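K.L.:
dropping the sequence and predicted coords here.
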Amino acid sequence: MNPAATFALPAQAAAAAPLEVAWRPLQEGDIAKVLDIEKQAYSHPWTKGNFADALRSAYPAQMLCAGPNVLGYLVAMKGVDEVHLLNLTVAPDFQRQGWARLMMEGLVLWSRGQGARQLWLEVRASNSRALEVYRRFGFVQMGVRKQYYPLAPNRREDAVVMSLKL
């Protein structure tokens, strides 16, 4: 997931010159930047500790950048013959422009290169936009984890467990 490529931002393709988009590893110095995006994108964002733990565990973590802009990022966990997507986020200013699909395509290619035969994820049952993105990409619901995500004090929300055969 490291090659640079030239793309035009889909929403601005007709009016803008091509923009160089590149994957780069998420590093400790990037945590503040991704935390800001998390807080804009989610009601229950990952914490600094979540990102720091993922980096300490050497989980694959990549950012998709266009110049100084972080378009999105993902964090995954490699298993024996599978990969578990832990976090895929597109910055709110860049949502609905195809970047989630591009990040998923990069993750699928990387996962296949690692010998994975299956890609797994959980998503909040209420996150209809993400569920639709994953379904369009070919993920299938495999089950539900009851009361998996925090929702409000003393309340929790189900997670939909999805899988994609590679």
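P.N.:
Here it is on my side, so go on. Small disclaimer: the values here were computed from a predicted structure and weren't measured.
K.L.:
and the lengthiest helix in the chain, what other elements does it pack with?
P.N.:
Longest among the helix segments of the chain by residue count, using DSSP state H, is helix 99-113. When contacts are defined as 3 or more CB pairs under 8 Å, 6 or more residues apart in numbering; DSSP states H and E, helix 99-113 packs onto strand 61-66, strand 69-78, strand 82-90, strand 118-124, helix 128-137. Every residue, glycine included, has its C-beta placed from N, CA and C.
K.L.:
and these: which comes nearest residue 32?
P.N.:
strand 69-78 (11.1 Å; CB to CB).
K.L.:
what's the angle from that closest one to strand 118-124?
P.N.:
Per axes from the mean of the first three to the mean of the last three CA atoms, to 10 degrees, the angle that strand 69-78 makes with strand 118-124 is 120 degrees.
K.L.:
what packs against strand 69-78?
P.N.:
helix 31-41, strand 61-66, strand 82-90, helix 99-113.
K.L.:
how much space separates the closest residue in space to residue 82 that isn't next to it in sequence from residue 99?
P.N.:
Leaving aside its chain neighbours, residue 82 sits nearest to residue 118 (4.3 Å; criterion: CB to CB, 6 or more residues apart in numbering). Distance, residue 118 to residue 99, by CB to CB, to the nearest Å: 24 Å.
K.L.:
settle it for me: which of these two has more neighbours?
P.N.:
Using other CB atoms under 10 Å as the criterion, residue 118 and residue 99 rank with residue 99 on top: 22 against 15.
K.L.:
next up, the contacts around that one.
P.N.:
By CB atoms under 8 Å, 6 or more residues apart in numbering, the contact list for residue 99 reads 64, 71-72, 90.
K.L.:
and these as JSON lines, adding neighbour count and pLDDT?
P.N.:
What follows is the contacts of residue 99, written out as JSON lines (neighbours: other CB atoms under 10 Å; pLDDT from 0 to 100):
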{"residue": "64", "neighbour count": "23", "pLDDT": "97"}
{"residue": "71", "neighbour count": "24", "pLDDT": "97"}
{"residue": "72", "neighbour count": "22", "pLDDT": "97"}
{"residue": "90", "neighbour count": "25", "pLDDT": "97"}
